[in-house]
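[1] give the three-dimensional model of this entry:
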Amino acid sequence: MFKNKSSSGKNNICGEKIYALRKAHIPKMSQRILAEKLQIKGIDVDKNAIQRIESGERFVTDIELKALAEVFNTTVDSLLTT
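    Predicted coordinates:
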């Protein structure tokens, strides 16, 4: 049976990029703060969901990806490039 995983075996290809953007953000942005920013945009995620996204354990929907790009003031394409 086919499994939806990236070539690295992760459930998304944007998690590492999201982690890097969050760590590089000034002022510092915790996983909790990122979750709160997404909640303001109507995305129902918590700190644990952010952790699972960053580690590649969780799929990311197109709606979530768009909101993440807005939070980091970048494009969806940039989140999908490795």
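[2] contacts and neighbour counts: CA atoms only from here.
    Will do.
[3] give me the buried positions along the helix or strand hosting residue 69.
    For residue 69, the host element (DSSP states H and E) is helix 62-71. By neighbour count on 16 or more other C-alpha atoms under 10 Å, the buried set for helix 62-71 is 64, 65, 66, 67, 68, 69.
[4] can you check stretch 73-82 too?
    Buried positions in stretch 73-82, judged by neighbour count with 16+ other C-alpha under 10 Å: 76, 79.
[5] what comes up buried for stretch 50-65?
    Applying 16+ other C-alpha under 10 Å to stretch 50-65 flags 50, 51, 53, 54, 55, 56, 57, 58, 59, 60, 64, 65 as buried.
[6] go ahead and confirm the last one touches residue 76.
    Read that as residue 65. Yes. The pair residue 65 and residue 76 passes the contact test of C-alpha atoms under 8 Å, sitting 6.5 Å apart.
[7] residue boundaries of the helices in this structure?
    Using DSSP state H, the helices of the chain run over residues 15-24, 31-40, 47-55, 62-71, 76-80.
[8] ok, residue 10 - how many residues close by?
    Burial of residue 10 is recorded as 17 neighbouring residues (other C-alpha atoms under 10 Å).
[9] how near is it to residue 58?
    With distances taken as C-alpha to C-alpha, to the nearest Å, residue 10 is found 8 Å from residue 58.
[10] tell me who's in contact with residue 45.
    35, 38, 39 (C-alpha atoms under 8 Å, 6 or more residues apart in numbering).
[11] starting at the chain centroid, how far to stretch 64-77?
    Chain-centre distance of stretch 64-77: 9 Å, with C-alpha atoms, centre = their mean, to the nearest Å.
[12] now do it: everything it contacts.
    So stretch 64-77 is contacted by 18, 21, 37, 38, 41, 43, 79 (C-alpha under 8 Å, 6+ apart).
[13] whichever of those residues end up buried, select them in ChimeraX.
    In ChimeraX syntax, the buried subset of these is picked out as below (16+ other C-alpha under 10 Å):
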select :18,37,38,79
